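Enquirer: 3D, please:
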Amino acid sequence: MRRVVVTGLGAVNAVGNDMASMWGNLTAGRHGIARITRFDLTDFRATMAAEVKDFDPLQYMDRSEVRRHDLYIQYALAAAAQAFADAGIEGTVDPKRMGCYFSSGIGGMGSTLDDYNKLLSKGPRRVSPYSITNVMGNAGAGFVAIKHGCKGPCMSITTACASSTHAIGEAYRCVLHGYADAMVAGGAEATINPLATAGFINCQALSTSDDPDRASIPFDRERNGFVMGEGSAALILEEYEHAKARGAHIYAEVVGYGSTCDAHHITAPDPEGEGGGDAIAMALEGLGAYDPSRVYVNAHGTSTPMNDKIETLAMKRAFGEENAHKIMVSSTKGATGHMLGAAGATEAVISVLALENDLVPPTVGYQVPDPECDLDVVPNTARKAELDAVLSTSLGFGGHNGCLAFRKIRD
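Expert: Now for the predicted structure:
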(Lines give C-alpha, C1' and ligand atoms only; values in the text may rest on other atoms or scores of the structure.)
Protein backbone atom coordinates (compact mmCIF):
# COMPACT_ATOMS: atom_id res chain seq x y z
CA MET A 1 0.00 0.00 0.00
CA ARG A 2 1.31 3.44 -0.95
CA ARG A 3 1.75 6.00 1.83
CA VAL A 4 0.81 9.68 1.64
CA VAL A 5 2.65 12.50 3.39
CA VAL A 6 2.33 16.27 3.71
CA THR A 7 5.32 18.14 2.28
CA GLY A 8 4.03 21.70 1.78
CA LEU A 9 1.69 24.15 3.49
CA GLY A 10 0.24 27.57 2.69
CA ALA A 11 -2.33 29.82 4.35
CA VAL A 12 -3.99 33.23 4.09
CA ASN A 13 -6.53 34.27 6.72
CA ALA A 14 -7.47 36.89 9.28
CA VAL A 15 -4.60 36.04 11.65
CA GLY A 16 -1.84 35.86 9.06
CA ASN A 17 -1.11 36.06 5.35
CA ASP A 18 1.40 33.23 5.49
CA MET A 19 1.93 30.09 7.50
CA ALA A 20 4.49 31.49 9.95
CA SER A 21 2.55 34.62 10.92
CA MET A 22 -0.71 32.65 11.19
CA TRP A 23 0.87 30.07 13.48
CA GLY A 24 2.57 32.71 15.62
CA ASN A 25 -0.65 34.64 16.17
CA LEU A 26 -2.75 31.53 16.79
CA THR A 27 -0.42 30.11 19.40
CA ALA A 28 -0.15 33.52 21.07
CA GLY A 29 -3.94 33.49 21.52
CA ARG A 30 -4.65 36.36 19.13
CA HIS A 31 -7.75 36.55 16.95
CA GLY A 32 -8.52 38.40 13.72
CA ILE A 33 -12.11 39.43 14.42
CA ALA A 34 -13.23 43.05 14.16
CA ARG A 35 -16.07 45.22 12.89
CA ILE A 36 -16.79 44.67 9.19
CA THR A 37 -15.16 47.27 6.93
CA ARG A 38 -16.32 46.03 3.49
CA PHE A 39 -19.80 47.57 3.41
CA ASP A 40 -22.24 49.84 5.22
CA LEU A 41 -23.58 48.05 8.31
CA THR A 42 -26.77 50.07 8.66
CA ASP A 43 -29.66 47.68 9.40
CA PHE A 44 -27.30 44.67 9.85
CA ARG A 45 -27.70 42.88 13.18
CA ALA A 46 -24.36 41.09 12.81
CA THR A 47 -21.39 43.43 12.50
CA MET A 48 -18.30 41.29 13.14
CA ALA A 49 -16.14 39.36 10.68
CA ALA A 50 -12.63 37.96 10.37
CA GLU A 51 -11.39 39.87 7.33
CA VAL A 52 -8.01 39.22 5.73
CA LYS A 53 -5.81 42.27 6.33
CA ASP A 54 -3.00 43.82 4.27
CA PHE A 55 -3.14 41.11 1.61
CA ASP A 56 -0.92 41.87 -1.41
CA PRO A 57 -1.93 39.70 -4.37
CA LEU A 58 0.97 41.08 -6.42
CA GLN A 59 3.27 38.79 -4.46
CA TYR A 60 1.63 35.89 -6.32
CA MET A 61 0.30 37.20 -9.65
CA ASP A 62 0.60 40.14 -12.02
CA ARG A 63 -1.72 43.14 -12.17
CA SER A 64 -3.74 41.80 -15.08
CA GLU A 65 -4.54 38.64 -13.09
CA VAL A 66 -5.57 40.71 -10.08
CA ARG A 67 -7.98 42.68 -12.27
CA ARG A 68 -9.46 39.49 -13.75
CA HIS A 69 -9.77 37.32 -10.64
CA ASP A 70 -12.35 37.34 -7.88
CA LEU A 71 -10.84 37.69 -4.42
CA TYR A 72 -11.45 34.02 -3.62
CA ILE A 73 -9.34 33.03 -6.64
CA GLN A 74 -6.59 35.41 -5.55
CA TYR A 75 -6.57 33.80 -2.11
CA ALA A 76 -6.45 30.32 -3.69
CA LEU A 77 -3.49 31.24 -5.89
CA ALA A 78 -1.66 32.76 -2.92
CA ALA A 79 -2.06 29.77 -0.60
CA ALA A 80 -1.20 27.30 -3.35
CA ALA A 81 1.92 29.27 -4.32
CA GLN A 82 3.05 29.22 -0.69
CA ALA A 83 2.50 25.46 -0.46
CA PHE A 84 4.39 24.72 -3.69
CA ALA A 85 7.30 26.91 -2.57
CA ASP A 86 7.33 25.30 0.86
CA ALA A 87 7.39 21.80 -0.64
CA GLY A 88 9.96 22.60 -3.33
CA ILE A 89 8.15 20.07 -5.49
CA GLU A 90 7.79 21.88 -8.82
CA GLY A 91 9.84 20.20 -11.54
CA THR A 92 10.11 16.93 -9.61
CA VAL A 93 6.79 15.36 -10.67
CA ASP A 94 5.51 14.44 -14.12
CA PRO A 95 2.77 17.07 -14.73
CA LYS A 96 0.36 14.28 -15.63
CA ARG A 97 0.98 12.75 -12.19
CA MET A 98 0.41 16.05 -10.34
CA GLY A 99 -3.22 16.78 -9.45
CA CYS A 100 -5.25 19.59 -7.92
CA TYR A 101 -8.35 19.29 -5.75
CA PHE A 102 -9.25 22.81 -4.65
CA SER A 103 -12.66 23.71 -3.27
CA SER A 104 -14.92 26.61 -2.48
CA GLY A 105 -18.24 26.49 -0.71
CA ILE A 106 -19.71 29.50 -2.51
CA GLY A 107 -17.31 30.68 -5.23
CA GLY A 108 -17.01 34.22 -6.54
CA MET A 109 -20.05 35.79 -4.93
CA GLY A 110 -18.37 39.19 -4.58
CA SER A 111 -17.71 39.50 -8.31
CA THR A 112 -21.24 38.31 -9.07
CA LEU A 113 -22.72 41.07 -6.91
CA ASP A 114 -20.48 43.68 -8.53
CA ASP A 115 -21.45 42.57 -12.02
CA TYR A 116 -25.13 42.40 -11.18
CA ASN A 117 -25.01 45.97 -9.89
CA LYS A 118 -23.29 47.02 -13.14
CA LEU A 119 -26.00 45.26 -15.13
CA LEU A 120 -28.74 47.16 -13.29
CA SER A 121 -27.04 50.56 -13.28
CA LYS A 122 -25.08 50.60 -16.55
CA GLY A 123 -26.53 47.88 -18.77
CA PRO A 124 -25.40 44.49 -20.07
CA ARG A 125 -22.41 45.80 -22.04
CA ARG A 126 -20.69 46.78 -18.80
CA VAL A 127 -20.77 43.30 -17.28
CA SER A 128 -17.24 41.91 -17.02
CA PRO A 129 -16.18 39.29 -19.59
CA TYR A 130 -14.72 37.44 -16.61
CA SER A 131 -18.02 37.30 -14.71
CA ILE A 132 -18.62 33.61 -15.47
CA THR A 133 -15.11 32.42 -14.65
CA ASN A 134 -15.22 34.42 -11.43
CA VAL A 135 -18.48 32.94 -10.17
CA MET A 136 -17.50 29.33 -10.90
CA GLY A 137 -16.81 27.30 -7.78
CA ASN A 138 -14.21 25.32 -9.70
CA ALA A 139 -12.28 28.39 -10.88
CA GLY A 140 -9.90 28.23 -7.92
CA ALA A 141 -8.95 24.66 -8.84
CA GLY A 142 -8.65 25.53 -12.52
CA PHE A 143 -6.45 28.56 -12.04
CA VAL A 144 -4.20 26.82 -9.49
CA ALA A 145 -3.77 23.92 -11.94
CA ILE A 146 -2.96 26.31 -14.79
CA LYS A 147 -0.45 28.26 -12.66
CA HIS A 148 1.44 25.15 -11.56
CA GLY A 149 0.95 22.85 -14.54
CA CYS A 150 -1.13 20.22 -12.74
CA LYS A 151 -2.31 17.93 -15.56
CA GLY A 152 -3.45 15.04 -13.35
CA PRO A 153 -6.83 14.75 -11.59
CA CYS A 154 -8.37 18.18 -11.02
CA MET A 155 -11.71 19.07 -9.49
CA SER A 156 -13.52 21.19 -6.94
CA ILE A 157 -15.70 19.52 -4.32
CA THR A 158 -18.55 21.62 -2.95
CA THR A 159 -19.94 20.38 0.35
CA ALA A 160 -20.47 23.72 2.11
CA CYS A 161 -18.27 24.04 5.19
CA ALA A 162 -16.77 20.58 4.67
CA SER A 163 -15.64 21.35 1.10
CA SER A 164 -11.89 21.60 1.57
CA THR A 165 -11.74 18.75 4.08
CA HIS A 166 -13.30 16.56 1.41
CA ALA A 167 -10.89 17.97 -1.19
CA ILE A 168 -7.94 16.91 0.96
CA GLY A 169 -9.48 13.54 1.78
CA GLU A 170 -10.21 12.70 -1.84
CA ALA A 171 -6.76 13.95 -2.88
CA TYR A 172 -5.29 11.61 -0.26
CA ARG A 173 -7.18 8.73 -1.84
CA CYS A 174 -5.90 9.76 -5.29
CA VAL A 175 -2.29 9.42 -4.18
CA LEU A 176 -2.96 6.38 -1.98
CA HIS A 177 -4.49 4.40 -4.83
CA GLY A 178 -1.98 5.46 -7.46
CA TYR A 179 -3.94 7.94 -9.58
CA ALA A 180 -1.34 10.64 -8.86
CA ASP A 181 2.08 10.95 -7.26
CA ALA A 182 1.31 14.33 -5.69
CA MET A 183 -1.66 16.63 -5.23
CA VAL A 184 -2.22 20.19 -4.18
CA ALA A 185 -5.40 20.27 -2.10
CA GLY A 186 -7.23 22.99 -0.25
CA GLY A 187 -9.95 25.58 -0.40
CA ALA A 188 -10.66 29.30 -0.69
CA GLU A 189 -13.52 31.61 0.23
CA ALA A 190 -14.27 35.34 0.08
CA THR A 191 -17.89 36.00 1.00
CA ILE A 192 -17.82 38.89 3.44
CA ASN A 193 -20.41 40.89 1.51
CA PRO A 194 -23.91 42.25 2.20
CA LEU A 195 -25.85 39.39 0.57
CA ALA A 196 -24.04 36.53 2.31
CA THR A 197 -24.11 38.37 5.62
CA ALA A 198 -27.83 39.12 5.37
CA GLY A 199 -28.58 35.55 4.35
CA PHE A 200 -26.67 34.02 7.25
CA ILE A 201 -28.23 36.51 9.68
CA ASN A 202 -31.73 35.63 8.53
CA CYS A 203 -31.13 31.90 8.89
CA GLN A 204 -29.99 32.69 12.46
CA ALA A 205 -26.43 31.45 11.95
CA LEU A 206 -24.30 34.55 12.69
CA SER A 207 -23.27 35.93 16.06
CA THR A 208 -24.94 39.23 16.90
CA SER A 209 -22.34 40.18 19.51
CA ASP A 210 -20.75 43.59 19.02
CA ASP A 211 -17.72 42.61 21.13
CA PRO A 212 -14.93 41.17 18.92
CA ASP A 213 -13.55 39.26 21.90
CA ARG A 214 -16.91 37.56 22.56
CA ALA A 215 -18.29 37.04 19.07
CA SER A 216 -16.71 33.75 18.00
CA ILE A 217 -16.53 31.72 21.21
CA PRO A 218 -16.66 27.99 20.40
CA PHE A 219 -17.87 25.66 23.18
CA ASP A 220 -18.64 28.63 25.44
CA ARG A 221 -22.08 28.56 27.06
CA GLU A 222 -22.80 32.11 25.83
CA ARG A 223 -22.09 31.37 22.14
CA ASN A 224 -24.82 32.59 19.81
CA GLY A 225 -23.57 32.09 16.27
CA PHE A 226 -20.51 32.04 14.05
CA VAL A 227 -18.42 34.89 12.71
CA MET A 228 -17.70 34.82 9.00
CA GLY A 229 -14.07 34.54 7.97
CA GLU A 230 -12.26 34.41 4.64
CA GLY A 231 -9.02 33.29 3.05
CA SER A 232 -7.45 30.12 1.76
CA ALA A 233 -5.21 27.21 2.70
CA ALA A 234 -3.36 24.56 0.71
CA LEU A 235 -1.44 21.37 1.37
CA ILE A 236 0.89 19.39 -0.86
CA LEU A 237 0.19 15.67 -0.50
CA GLU A 238 2.89 13.40 -1.88
CA GLU A 239 3.64 9.70 -2.17
CA TYR A 240 6.06 8.85 0.64
CA GLU A 241 8.83 7.16 -1.38
CA HIS A 242 8.80 10.02 -3.89
CA ALA A 243 9.08 12.59 -1.11
CA LYS A 244 11.85 10.65 0.63
CA ALA A 245 13.83 10.19 -2.58
CA ARG A 246 13.95 13.91 -3.25
CA GLY A 247 14.81 14.77 0.37
CA ALA A 248 11.59 16.65 1.06
CA HIS A 249 10.69 17.91 4.49
CA ILE A 250 7.83 15.72 5.69
CA TYR A 251 5.41 17.38 8.11
CA ALA A 252 3.14 14.42 8.76
CA GLU A 253 1.61 11.29 7.26
CA VAL A 254 -2.05 11.24 6.23
CA VAL A 255 -3.44 8.01 7.69
CA GLY A 256 -7.21 8.36 7.76
CA TYR A 257 -10.23 9.98 6.18
CA GLY A 258 -13.92 9.71 6.95
CA SER A 259 -16.83 11.05 4.92
CA THR A 260 -20.52 10.63 5.79
CA CYS A 261 -23.87 12.38 5.50
CA ASP A 262 -26.42 12.94 8.26
CA ALA A 263 -29.32 12.70 5.77
CA HIS A 264 -31.29 14.61 8.41
CA HIS A 265 -31.75 18.34 7.67
CA ILE A 266 -30.26 20.88 5.26
CA THR A 267 -28.78 23.10 8.00
CA ALA A 268 -29.22 21.35 11.37
CA PRO A 269 -26.94 18.49 12.40
CA ASP A 270 -28.24 15.07 13.38
CA PRO A 271 -29.17 15.60 17.07
CA GLU A 272 -27.45 12.36 18.08
CA GLY A 273 -24.18 13.21 16.30
CA GLU A 274 -24.26 9.90 14.44
CA GLY A 275 -22.94 11.09 11.07
CA GLY A 276 -20.17 13.21 12.54
CA GLY A 277 -19.22 10.44 14.94
CA ASP A 278 -19.03 7.91 12.11
CA ALA A 279 -16.76 10.18 10.04
CA ILE A 280 -14.40 10.60 13.01
CA ALA A 281 -14.44 6.85 13.67
CA MET A 282 -13.55 6.15 10.02
CA ALA A 283 -10.55 8.50 10.22
CA LEU A 284 -9.49 6.96 13.53
CA GLU A 285 -9.20 3.52 11.91
CA GLY A 286 -6.00 4.67 10.24
CA LEU A 287 -4.30 5.29 13.58
CA GLY A 288 -4.56 1.72 14.82
CA ALA A 289 -3.82 1.57 18.55
CA TYR A 290 -3.43 5.04 20.03
CA ASP A 291 -3.03 6.83 23.35
CA PRO A 292 -5.91 9.34 23.60
CA SER A 293 -3.85 11.64 25.83
CA ARG A 294 -1.48 12.15 22.87
CA VAL A 295 -4.23 13.02 20.36
CA TYR A 296 -5.39 16.51 19.41
CA VAL A 297 -8.61 17.24 17.52
CA ASN A 298 -9.09 20.52 15.71
CA ALA A 299 -12.87 20.67 15.96
CA HIS A 300 -15.30 22.21 13.51
CA GLY A 301 -16.42 24.22 16.55
CA THR A 302 -18.42 26.97 14.86
CA SER A 303 -19.65 28.78 18.00
CA THR A 304 -23.27 28.00 17.13
CA PRO A 305 -25.42 26.55 19.92
CA MET A 306 -26.27 23.36 18.02
CA ASN A 307 -22.96 22.55 16.31
CA ASP A 308 -20.73 22.60 19.37
CA LYS A 309 -23.14 20.54 21.44
CA ILE A 310 -23.66 17.93 18.69
CA GLU A 311 -19.96 17.81 17.82
CA THR A 312 -19.20 17.03 21.46
CA LEU A 313 -21.63 14.11 21.21
CA ALA A 314 -20.02 12.99 17.96
CA MET A 315 -16.58 12.85 19.58
CA LYS A 316 -17.94 10.84 22.47
CA ARG A 317 -19.50 8.39 20.00
CA ALA A 318 -16.23 8.00 18.11
CA PHE A 319 -13.71 7.94 20.96
CA GLY A 320 -15.92 6.58 23.72
CA GLU A 321 -16.92 8.62 26.76
CA GLU A 322 -13.75 7.96 28.75
CA ASN A 323 -11.27 8.57 25.92
CA ALA A 324 -13.15 11.64 24.73
CA HIS A 325 -12.25 13.34 28.01
CA LYS A 326 -8.56 12.46 27.55
CA ILE A 327 -8.07 13.98 24.11
CA MET A 328 -7.29 17.66 23.61
CA VAL A 329 -9.82 19.59 21.51
CA SER A 330 -9.79 23.18 20.33
CA SER A 331 -11.59 25.26 17.74
CA THR A 332 -9.40 27.78 15.99
CA LYS A 333 -12.51 29.46 14.57
CA GLY A 334 -12.35 31.57 17.72
CA ALA A 335 -9.38 33.24 15.98
CA THR A 336 -9.99 32.84 12.23
CA GLY A 337 -13.77 33.01 12.17
CA HIS A 338 -15.63 30.48 10.05
CA MET A 339 -14.01 30.41 6.61
CA LEU A 340 -16.80 28.25 5.12
CA GLY A 341 -15.34 26.26 2.21
CA ALA A 342 -11.78 27.17 3.24
CA ALA A 343 -12.25 26.22 6.89
CA GLY A 344 -11.33 22.55 6.60
CA ALA A 345 -8.08 23.17 4.73
CA THR A 346 -7.08 25.95 7.13
CA GLU A 347 -7.71 23.69 10.10
CA ALA A 348 -5.86 20.81 8.45
CA VAL A 349 -2.81 23.08 8.05
CA ILE A 350 -3.13 24.12 11.71
CA SER A 351 -3.47 20.49 12.81
CA VAL A 352 -0.31 19.49 10.94
CA LEU A 353 1.61 22.39 12.50
CA ALA A 354 0.35 21.38 15.94
CA LEU A 355 1.66 17.87 15.35
CA GLU A 356 5.05 19.02 14.13
CA ASN A 357 5.53 21.51 16.96
CA ASP A 358 3.93 19.47 19.77
CA LEU A 359 1.89 22.56 20.52
CA VAL A 360 -1.92 22.70 20.67
CA PRO A 361 -3.44 26.06 19.64
CA PRO A 362 -6.11 27.35 22.01
CA THR A 363 -9.83 28.01 21.79
CA VAL A 364 -9.61 31.78 22.21
CA GLY A 365 -12.38 33.81 23.83
CA TYR A 366 -13.56 30.92 25.99
CA GLN A 367 -14.90 32.05 29.38
CA VAL A 368 -18.11 30.29 30.42
CA PRO A 369 -18.05 26.46 30.55
CA ASP A 370 -20.99 24.64 29.02
CA PRO A 371 -21.87 21.28 30.63
CA GLU A 372 -23.01 20.05 27.22
CA CYS A 373 -19.55 20.79 25.78
CA ASP A 374 -17.51 19.23 28.56
CA LEU A 375 -14.34 18.20 26.69
CA ASP A 376 -10.84 19.60 27.25
CA VAL A 377 -11.10 22.60 24.91
CA VAL A 378 -7.63 24.05 25.66
CA PRO A 379 -9.00 27.49 26.60
CA ASN A 380 -7.18 30.70 25.65
CA THR A 381 -3.58 29.52 26.04
CA ALA A 382 -1.61 27.21 23.75
CA ARG A 383 -0.49 23.99 25.39
CA LYS A 384 2.76 22.06 24.96
CA ALA A 385 1.94 18.38 24.55
CA GLU A 386 3.65 15.31 23.14
CA LEU A 387 1.43 14.46 20.21
CA ASP A 388 1.31 11.25 18.20
CA ALA A 389 -1.68 12.13 16.04
CA VAL A 390 -4.09 14.92 15.14
CA LEU A 391 -7.55 14.96 13.61
CA SER A 392 -9.42 17.75 11.84
CA THR A 393 -13.20 17.64 11.62
CA SER A 394 -15.68 19.50 9.39
CA LEU A 395 -19.48 19.48 9.42
CA GLY A 396 -21.25 21.27 6.57
CA PHE A 397 -24.75 22.45 5.69
CA GLY A 398 -26.43 19.62 3.81
CA GLY A 399 -25.38 17.16 6.52
CA HIS A 400 -21.89 16.67 5.05
CA ASN A 401 -19.31 15.38 7.54
CA GLY A 402 -15.57 14.97 7.01
CA CYS A 403 -12.60 14.06 9.17
CA LEU A 404 -8.87 13.80 8.42
CA ALA A 405 -6.28 11.98 10.54
CA PHE A 406 -2.53 12.73 10.52
CA ARG A 407 0.29 11.19 12.51
CA LYS A 408 4.01 11.72 12.86
CA ILE A 409 5.96 9.96 10.16
CA ARG A 410 7.29 6.50 11.02
CA ASP A 411 9.95 4.81 8.89
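
Enquirer: find the nearest non-adjacent residue to Arg68, please.
Expert: Excluding its sequence neighbours, the residue lying closest to Arg68 (C-beta to C-beta, 6 or more residues apart in numbering) is Tyr130, at 4.9 Å. Using the backbone N, CA and C atoms, a C-beta is placed for each residue, glycine as well.

Enquirer: wait, that neighbour touches Ser64, no?
Expert: No: at 10.8 Å, Tyr130 and Ser64 do not qualify as touching, with contact defined as C-beta atoms under 8 Å.

Enquirer: those two - which one has more neighbours?
Expert: Legend: neighbour count by other C-beta atoms under 10 Å for Tyr130 and Ser64, higher for Tyr130 (17 against 8).

Enquirer: which phi and psi does Gly8 have?
Expert: Backbone dihedrals for Gly8, given as degrees, to the nearest 10, come out at phi -150, psi 150.

Enquirer: swap in Phe55?
Expert: phi -80, psi 130.

Enquirer: does Phe219 really touch His300, like I thought?
Expert: No: when contacts are counted by C-beta under 8 Å, Phe219 is not listed as touching His300 (11.1 Å).

Enquirer: need the residues touching each of the two.
Expert: Any residue near both Phe219 and His300 by C-beta atoms under 8 Å, 6 or more residues apart in numbering counts here, and that gives Ser331.

Enquirer: tell me, domain by domain, which residues of the protein belong where.
Expert: Using automatic domain parsing, the domain ranges for the chain come out as 4-245, 256-407.

Enquirer: can I get these in JSON lines with mean pLDDT?
Expert: Shown next, in JSON lines, are the domains of the chain (pLDDT from 0 to 100):
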{"stretch": "domain 4-245", "mean pLDDT": "98"}
{"stretch": "domain 256-407", "mean pLDDT": "97"}
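
Enquirer: the residue nearest to Arg68: what's it in contact with?
Expert: Applying C-beta under 8 Å, 6+ apart, we find Tyr130 in contact with Arg68, His69, Ser111.

Enquirer: what sits up against stretch 354-364?
Expert: 23, 26-27, 29-31, 218-219, 251-252, 296, 298, 301, 328, 330-332, 334-335, 350, 353, 377-387, 389-390, 406-408.

Enquirer: try 6 Å this time
Expert: Counting by C-beta atoms under 6 Å, 6 or more residues apart in numbering, the neighbours of stretch 354-364 from elsewhere in the structure are 26-27, 29, 31, 218, 251-252, 296, 328, 330-332, 334-335, 377-387, 390, 406.

Enquirer: residue ranges of the strands in the stretch 151-300 of the chain, please?
Expert: Using DSSP state E, counting those that start in this stretch, the strands of the stretch 151-300 of the chain run over residues 154-155, 182-189, 228-229, 231-239, 252-261, 295-298.

Enquirer: ok, back up a step: just the buried members of the contacts of stretch 354-364?
Expert: When burial is judged by neighbour count using 16 or more other C-beta atoms under 10 Å, the buried members of the contacts of stretch 354-364 are 26-27, 29, 31, 218, 251-252, 296, 328, 330-332, 334-335, 377-379, 382-383, 387, 390, 406.

Enquirer: mind checking which of these land in helices?
Expert: Cross-referencing these with the helices (criterion: DSSP state H) gives Leu26, Thr27, Gly334, Ala335 as the overlap.

Enquirer: taking these together, which two end up most distant?
Expert: When these are compared pair by pair using C-beta to C-beta, the two farthest from each other are Thr27 and Gly334, 13.0 Å apart.
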